[in-house]
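# pasting the sequence and the predicted model now:
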Amino acid sequence: MCLAVPGKILEITGDDPLLRSGRVSFGGIVKQVSLACVPEAEVDDYVLVHVGMALSKVDEAEAREVFAYLQQMGELEELEEPGANPGEIPANPGP
């Protein structure tokens, strides 16, 4: 099943709204994500990401809740890198 996963924006690159992207942390696994659909997103914001594209901003509490549900359902394996464990969203995720 393909679901949107919450992550925290660590860094943003690009000025063109259509080419803007960012490094997003999913409980310690960091991926490059398109931010074209969320021009208002800033560093430290949480976003819902589906197939490499941030779809919307969410607040931190909602991000933690969704991440916990996805983890319980076993839907986070696609984020894992070999030998990594995504765990849950840390209390103060950082770079």
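Arrived safely, thanks for sending. Numbering: from 1, shown residues only.
# and the helices in this structure?
Ranges of helices in the chain, per DSSP state H, are 60-73.
# for residue 22, name its beta-bridge partners.
On the basis of DSSP bridges, residue 22 takes part in beta bridges with residue 12, residue 33.
# now do the same contact list for it.
Applying CB atoms under 8 Å, 6 or more residues apart in numbering to residue 22 gives the contacts 9, 10, 11, 12, 13, 32, 33, 35, 41, 43, 54. All C-beta spots, glycine's among them, are computed from the backbone N, C-alpha and C.
# now do the contacts for residue 44.
Neighbouring residues of residue 44 by CB under 8 Å, 6+ apart: 8, 9.
# enumerate every residue touching residue 56.
For residue 56, the contacting residues are 37, 38, 47, 48, taking CB under 8 Å, 6+ apart as the criterion.
# how about those in a markdown table, adding distance to residue 71?
Converted to a markdown table, these look like this (distance: CB to CB, whole Å):
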| residue | distance to residue 71 |
| --- | --- |
| 37 | 25 |
| 38 | 23 |
| 47 | 18 |
| 48 | 15 |
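# residue 20: which of these is nearest?
residue 38 (8.8 Å; CB to CB).
# need the contacts of residue 22 in a markdown table (columns: pLDDT).
Supplementary listing: the contacts of residue 22 in a markdown table, determined by pLDDT from 0 to 100:
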| residue | pLDDT |
| --- | --- |
| 9 | 97 |
| 10 | 98 |
| 11 | 98 |
| 12 | 97 |
| 13 | 96 |
| 32 | 97 |
| 33 | 97 |
| 35 | 98 |
| 41 | 96 |
| 43 | 97 |
| 54 | 97 |
